[in-house]
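Engineer: Build me a model:
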Amino acid sequence: MQRITVTLDEELVAEVDTLMHERGYQNRSEAIRDLTRSGLKQVREEAAPDAPCMGALVYVYDHAARELSKRLTRHSHDHHDLTLSTLHVHINHDSCLEVALLKGQGRVLKQFADEVTSSRSVRHGQLVLIPGE
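Structural biologist: Reported below is the predicted structural model:
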């Protein structure tokens, strides 16, 4: 590792310290390393939207919502080339959680995820992209 010096304004240092305590980092360096990695990952994704990626789409939905399960299944089948595997969990009487492992161009995976998570009665959704194949 290499040691560097970075100058930050007081408000930004306070935000880093809050994050550090909330997430249990041992020191500012660990927190800043993770933030830097995250920022660099985002910049790479924005710079190369057609680069190959792996992804995990996690979403929670109301299984009783009219036709939603059918629509989500049809959507996955329509994009079968993107989906490597899917995990389905019954959270409670009303809610299901699905995790879809995806592979393809980052832009295409984001579009797929946006279409799923914007569906009515999908309560929560998040896509995590990992660059490379």
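Engineer: Tell me how many other residues surround Leu8.
Structural biologist: 12 (other C-beta atoms under 10 Å). Any C-beta I mention is one placed from the backbone N, CA and C, and that applies to glycine too.
Engineer: How far off centre is the host helix or strand of Gln111?
Structural biologist: Take DSSP states H and E as the rule and Gln111 turns out to sit in helix 106-117. Between the centre of helix 106-117 and the centre of its chain there are 11 Å (C-alpha atoms, centre = their mean, to the nearest Å).
Engineer: For the helix or strand just after it, list every residue counted as buried.
Structural biologist: Counting by DSSP H and E, the next helix or strand C-terminal to helix 106-117 is strand 122-131. The neighbour-count check on strand 122-131 (16 or more other C-beta atoms under 10 Å) flags Val122, Gly125, Leu127, Leu129 as buried.
Engineer: Can you tell me which of those lies closest to His80?
Structural biologist: Nearest to His80 among the buried residues of strand 122-131: Leu127, at 17.8 Å, using C-beta to C-beta.
Engineer: List the residues that contact the residue lying closest to that closest one once chain neighbours are set aside.
Structural biologist: Counting by C-beta to C-beta, 6 or more residues apart in numbering, the nearest residue to Leu127 once its immediate chain neighbours are dropped is Ala113, at 3.9 Å. Shown in contact with Ala113 (C-beta atoms under 8 Å, 6 or more residues apart in numbering): Gly55, Leu57, Leu102, Gly125, Leu127.
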